[in-house]
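K.L.:
Turn this into a model:
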Amino acid sequence: PLIEKRPETAIFFILVMVSMMLTALNLLLSVMVERASEANAASIKELSSKKDKAREVASERLFKMCEELDTDGSGKLTFDELQRGYDEHPDFARTLALMDIDERDLDIVFSMLDTDCSGDVDYKEFVE
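P.N.:
Okay, here's the model as predicted:
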């Protein structure tokens, strides 16, 4: 009845309806974005957990390999033992590669860990 008496109010009611529809769409979109963000965060957390587990397994394997590379049984690795292990044990080289250490980095890593300049590194510290 109001629109029949005052046709110009139709524009107002149409604008109100469009505004309400846009508000509802905005609400739906925000819920969808929030769900996607939560799913992304869960995915990132899961990937991080998997990477941490893989790094832990690699560290355990590396520790066992270091025990094998320690030819004199001192509980420490010399640079020569480390270099020989990298050259002769593919598993050792692959494990170091998982930790982003390649052959060119061995001397740098060794010198960083050999803080007392004794020429050997406790392989427990090397793995950590």
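K.L.:
Number of residues surrounding the residue nearest to Ala93 when sequence neighbours are not counted?
P.N.:
Spatial nearest neighbour of Ala93, excluding adjacent residues (C-beta to C-beta, 6 or more residues apart in numbering): Tyr86 at 5.3 Å. (C-beta placed from N, C-alpha, C; glycine too.) When neighbours are counted by other C-beta atoms under 10 Å, Tyr86 registers 17.
K.L.:
Pull the contacting residues for Tyr86.
P.N.:
Contact partners of Tyr86, counting by C-beta atoms under 8 Å, 6 or more residues apart in numbering, are 92-93, 96, 103, 106.
K.L.:
Out of those residues, name the ones that lie in helices.
P.N.:
Members of those lying in helices (criterion: DSSP state H): 92-93, 96, 106.
K.L.:
Which strand or helix spans the spatially most central residue of the chain?
P.N.:
What sits nearest the mean C-alpha location of the chain, by C-alpha atoms, centre = their mean, is Ser48, with 4.5 Å. Assigned by DSSP states H and E, Ser48 falls within helix 9-69.
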